[in-house]
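Student: would you be able to build a 3D model of this:
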Amino acid sequence: MTPLQKAQQEWEANTTPHCKKHSLSKFRPASHIHEFRRFEKAIALLNWTENCIEITKFETLQPGGGGATHLIKFLKTIADKYQIPLCGHAIKYDPDPPIPEGHLLTKEQLEGFYKKHGFQLRKINDETSDMLYVPQRACQTIETK
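Tutor: Just a heads-up that it's a prediction; the model follows:
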């Protein structure tokens, strides 16, 4: 089993399915199901690519409740354990119903959240930044050479 497969297996063992219906159009009743997984009070939609764990979408179920921090810390633990980077785009989007009550982050707050948790950010445009978390042991190995 590859490190990526082991990481995905650990993710699935510690999370539960949390599907959300995503509307494809404002003008016609077409929709798609996003297969999020829930960890405590937050959900994430991940893409398991060959060279990183891509965070496609990430939502808290209770803004200000710490769920987002716990989920990111868990993902970083998996990344560190299996030496697989976390990647994605720091982009603000309106979540599909049910929308949690409370304050949702601005783009600047979202970028600050990822920076606070050790992600490197590279601005793409006014709405999007690439984000990358490099596993800790890999960083330490590089620094000691």
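
Student: middle-most residue in the protein, spatially?
Tutor: In the chain, the C-alpha closest to the average C-alpha coordinate belongs to residue 55, at a distance of 3.6 Å (C-alpha atoms, centre = their mean).

Student: got a list of what that one touches?
Tutor: 44-46, 75, 86-88, 131 (C-beta atoms under 8 Å, 6 or more residues apart in numbering). All C-beta atoms are positioned from the backbone trio N, CA, C, and that covers glycine.

Student: give me the beta-bridge partners of residue 89?
Tutor: residue 130 (DSSP bridges).

Student: just use 282 as the starting number from now, easier for me
Tutor: Will do, 282 is the new start, and the previous item becomes residue 370.

Student: the closest residue to residue 352 other than its chain neighbours pairs with what?
Tutor: Closest residue to residue 352 apart from its sequence neighbours, by C-beta to C-beta, 6 or more residues apart in numbering: residue 323 at 4.0 Å. Using DSSP bridges, the bridge partners assigned to residue 323 are residue 320, residue 341.

Student: ranges for the strands of this structure?
Tutor: In the chain, the strands defined using DSSP state E lie at 297-304, 312-320, 323-329, 334-341, 367-372, 401-404, 409-414.

Student: possible to save the ones you listed as CSV with mean pLDDT and distance to residue 350?
Tutor: Shown next, in CSV, are the strands of the chain (pLDDT from 0 to 100; distance: least, C-beta to C-beta, whole Å):
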stretch, mean pLDDT, distance to residue 350
strand 297-304, 84, 18
strand 312-320, 88, 11
strand 323-329, 96, 8
strand 334-341, 94, 9
strand 367-372, 93, 14
strand 401-404, 93, 17
strand 409-414, 92, 14
